[in-house]
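In: Sequence and predicted structure, then a few things I'm wondering about:
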Amino acid sequence: MYAILELSGRQYKVTTQDVIEVNRLASNDGDKITFDKVLLVAEGDNVEIGQPYVKGASVEAEVLEQTQGKKVFAYRYLRRKDSHKKTGHRQKLTKLKVLKINN
């Protein structure tokens, strides 16, 4: 059984016991969260597609930790101007463990 859910503008395909990283959510470690924006639920040959969401479907997850992603560098360079700029960014992430998919 798997589900496709929408979280902060992105879509994630999850099954039970999956660990996913999503954009930072306002919650603490160990909290249980229920997501109801489920786009698709599939179990074997039985597939339910939402219009836009599947009615009555939800995904339960537990917050494992709040982390940061890898550092990404952006480098801007203008030739013959003696001008360059280097900046870095680390995305704030939340690590979730999917506990249950309710249909």
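Out: Arrived safely.

In: how close does residue 75 sit to residue 94?
Out: From residue 75 over to residue 94 the distance is 29 Å, taken as CB to CB, to the nearest Å. (Glycine included, C-beta is placed from N, CA and C.)

In: Just give me the residue closest to the centre of the chain.
Out: Nearest to the geometric centre of the chain sits residue 22, at 3.0 Å (CA atoms, centre = their mean).

In: what bridges to it?
Out: residue 94 (DSSP bridges).

In: Hmm, it is touching residue 10, no?
Out: Yes. Using CB atoms under 8 Å, residue 22 is in contact with residue 10, at 7.4 Å.

In: What pLDDT does the model give residue 103?
Out: Looking at residue 103, its pLDDT is 86.

In: Count the neighbours of it for me.
Out: Residues lying near residue 103 (other CB atoms under 10 Å) number 14.

In: Next one: it from residue 22, what distance?
Out: For residue 103, the distance to residue 22 (CB to CB) stands at 22 Å.

In: Many thanks, I have nothing further to ask.
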